[in-house]
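**Student:** structure for this input, please:
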Amino acid sequence: MTRLTLAFFFAFALIGSARVLLSDAPRREIVSCDNAELVEKIHALIVEPAKQSPENSHEKYRETIPATGAEFDMIPIPGGRFVLGAGDEDSDAAENEKPAVEVAVSPFWMGSCEVTWDEYEPFMITQVDRKKHGARIDFDADVHTLVDGISQPTPPYTEMSFGMGQSGFPAISMTHHAANKYCQWLSAQTGHFYRLPTEAEWEYACRAGTTTPFSFGDDDMDDHAWYYDNSDDKYQTVGTKKPNPWGLFDMHGNVAEWVADAYTDDHGGISAGASNPLILPERLYPRCVRGGSWDDDPEMLRSTVRRGSDSSWKDQDPQLPRSMWYHTDAQWLGFRVVRPLDVPDASTMNAFWNSATGFSD
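**Tutor:** Residues are numbered from 1 along each chain as shown. Sure thing, here's the model as predicted:
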């Protein structure tokens, strides 16, 4: 056997060995401590105190985030039935707002305002080395807490308020996944189950018992909403306009808001009389956004308006692959949290918090 032949023989042997080693080795880049076991532990943390709560303790309360001291108010929303979507009598309604269908919603609490930078930024920026999917590189279950085990954003490549303001202003430009993980992070600290509202919960709370396109009826829109004509081309401090009849601010305008559902072309997939309908996402895009924003015209602020997310909301992202945490082009997009009165099982919590896990952009 010649030297050249021997060289090729050993080269192929090494390549073959390397393939075996690579295929057998654990793929550390996708291994995360943020898994179903972690959700089970957070569930246990939440469910036990809930058993001790008075049966009828569905009242307004103020939550304090232990890690930061930031506070926010939660408004009780009574359960009930309502008509989701728009009928043909609404001349401004798009086809994706139809058909109108009656559904039932169970009691819950909803944040009185959109999540602010005061609440969100400490989750977003942590000064901790993280893997792309947000797990701590140094995570050690014997040292770190449940909160430390939750995936959190990697650092943004730009200042995420884009000069529009921080303290008291709504957090923006997070992905659906980032909003979900914030809810998990918040839940692990407070012992309350927080998540994004379903589309039905969001519209029910926005309408607040009304049946008109806007919850404020014929009142002056400028008293109730931030939109293109009065926003000075940027978002505004939360809670500075009049609330809706149930005490919720900025449901019309300021920033549009993520909901938990996948976006569909219409409401045809929801059965009349459905209880707590939810269309759980089965792919990354599109996911549903409600509420209109500071960058929209008045007709886009109606209670029934809906839009679907799109990968173009990351066009400015220079990273390859693009970040799973930021929609840098959606500078009008935020969210608010809800807390259901009845605590669900751990698998339901996992479905809300990790609905984007496993997808790539």
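**Student:** tell me where the chain has strands.
**Tutor:** 61-64, 71-77, 80-84, 101-105, 108-111, 256-262, 287-290, 306-308, 333-334, 338-340 (DSSP state E).
**Student:** nearest to Ile46, out of the ones you listed?
**Tutor:** strand 338-340 (9.9 Å; Cβ to Cβ). In this view, the C-beta of every residue, glycine as well, is placed from N, C-alpha and C.
**Student:** and the closest one, what does it pack against?
**Tutor:** strand 108-111 (3 or more Cβ pairs under 8 Å, 6 or more residues apart in numbering; DSSP states H and E).
**Student:** got the contact list for the strand it packs on?
**Tutor:** 58, 61, 72-77, 79, 197, 201, 205, 248, 336-341 (Cβ atoms under 8 Å, 6 or more residues apart in numbering).
**Student:** circling back: just name the most buried of the strands of the chain.
**Tutor:** Stretch with highest mean neighbour count among the strands of the chain: strand 333-334 (a mean of 28; mean count of other Cβ atoms under 10 Å).
**Student:** how far out from the middle of the chain is that strand?
**Tutor:** Centroid separation for strand 333-334 versus its chain: 9 Å, with Cα atoms, centre = their mean, to the nearest Å.
**Student:** now swap in stretch 176-184 and tell me
**Tutor:** 5 Å.
**Student:** what comes into contact with that stretch?
**Tutor:** 39, 42, 115, 120, 123-124, 134, 150-153, 174, 194-196, 258, 281, 287, 309, 324-326, 335, 337, 349, 352-357.
**Student:** among these, name the buried ones.
**Tutor:** The neighbour-count test (16 or more other Cβ atoms under 10 Å) marks 39, 42, 115, 120, 123-124, 134, 150-153, 174, 194-196, 258, 281, 287, 309, 324-326, 335, 337, 349, 352-357 as buried among the contacts of stretch 176-184.
**Student:** out of the strands of the chain, nearest to Leu186?
**Tutor:** Per Cβ to Cβ, nearest to Leu186 of the strands of the chain: strand 61-64, 8.3 Å.
**Student:** can you pull out the helices in the chain?
**Tutor:** 3-24, 36-52, 117-124, 146-149, 176-190, 199-207, 346-353 (DSSP state H).
**Student:** redo these as JSON lines? Include mean pLDDT and distance to Pro66.
**Tutor:** Output for those, formatted as JSON lines (pLDDT from 0 to 100; distance: least, Cβ to Cβ, whole Å):
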{"stretch": "helix 3-24", "mean pLDDT": "36", "distance to Pro66": "42"}
{"stretch": "helix 36-52", "mean pLDDT": "89", "distance to Pro66": "12"}
{"stretch": "helix 117-124", "mean pLDDT": "98", "distance to Pro66": "11"}
{"stretch": "helix 146-149", "mean pLDDT": "92", "distance to Pro66": "9"}
{"stretch": "helix 176-190", "mean pLDDT": "97", "distance to Pro66": "5"}
{"stretch": "helix 199-207", "mean pLDDT": "98", "distance to Pro66": "26"}
{"stretch": "helix 346-353", "mean pLDDT": "96", "distance to Pro66": "19"}
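**Student:** can you lay out the ones you listed as TSV showing distance to Asp297?
**Tutor:** Listed next are the helices of the chain as TSV, based on distance: least, Cβ to Cβ, whole Å:
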stretch	distance to Asp297
helix 3-24	54
helix 36-52	41
helix 117-124	26
helix 146-149	41
helix 176-190	25
helix 199-207	18
helix 346-353	32
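**Student:** mind checking which of these is nearest Asp296?
**Tutor:** helix 199-207 (14.7 Å).
**Student:** now the angle from that closest one to strand 101-105?
**Tutor:** 90 degrees (axes from the mean of the first three to the mean of the last three Cα atoms, to 10 degrees).
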